[in-house]
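A.B. asks: prediction below, plus the sequence it came from.
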Amino acid sequence: MWPRIGALRTLALGTPGELRANLNTLVLNGLKTATAGLLDEYATEGEELEQVGERLALVDDQDALVGVVEVTGVQVTRFAEVPWEFARAEGEGERSIEEWRAGHAAYWARLGTPVTDTTEVVCVRFRLVSAGAGGVATGDLGT
């Protein structure tokens with residue numbers, strides 16, 4: 001199971017360190033409104049897919065709360081069929097869907113999970129609900 005903060009599942013983007021800090025900054029600045037994960041990771045962790053309207057606790061490397069996001073969409077699709085509109089919403093600066101696929105394939109390969117065109121990817125869209133320096137400044141942790 002993924003860690004929880006209160007009743008909220010956590011959203012730990014990327015890998016700890018510079019990557020996670022950068023991705024969290026993109027979310028907090030409103031530039032990143034989507035993230036992709038591998039469907040197999042959910043089964044391995046015994047987790048259900050996110051649900052529209054669910055709130056997630058965005059966390060840093062120490063699992064400290066840095067913000068709350070609300071899920072606005074969830075779609076499972078094959079890696080080769082992830083649309084450019086979704087990839088662009090990830091806000092990571094790729095200039096094409098081919099660049100997005102190459103970068104994500106390399107990332108998952110570094111983690112020991114190579115992907116193919118048929119690998120199932122969970123595409124999660126979200127909106128920032130609350131954030132602030134050192135934690136949540138507005139809003140609440142309610143679902």
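C.D. replies: Good, I have the coordinates.

A.B. asks: show me the shaky parts of the protein.
C.D. replies: When residues are selected by pLDDT under 70, those of the chain lie in 132-143.

A.B. asks: contacting residues around the lengthiest helix in it?
C.D. replies: In the chain, taking DSSP state H as the definition, the longest helix is helix 97-110. Here helix 97-110 makes contact (Cβ atoms under 8 Å, 6 or more residues apart in numbering) with 14, 36, 38, 79-80, 82-84, 87, 90, 92, 94, 114-115. Glycine gets a C-beta too; all of them are placed from N, C-alpha and C.

A.B. asks: from the residues you listed, which would you call buried?
C.D. replies: Using 16 or more other Cβ atoms under 10 Å as the burial test, these include 36, 38, 79, 82, 87, 90, 92, 94, 115 as buried.

A.B. asks: out of these, which sit inside helices?
C.D. replies: residue 87.

A.B. asks: so which of the buried ones among the contacts of helix 97-110 comes closest to residue 53?
C.D. replies: residue 36 (19.8 Å; Cβ to Cβ).

A.B. asks: where do the strands sit along this protein?
C.D. replies: Taking DSSP state E to define them, one finds strands in the chain at 4-5, 8-11, 34-38, 55-59, 65-78, 120-131.

A.B. asks: just name the most buried of those strands.
C.D. replies: Ranked by mean neighbour count, the strands of the chain are led by strand 55-59 with a mean of 23 (mean count of other Cβ atoms under 10 Å).
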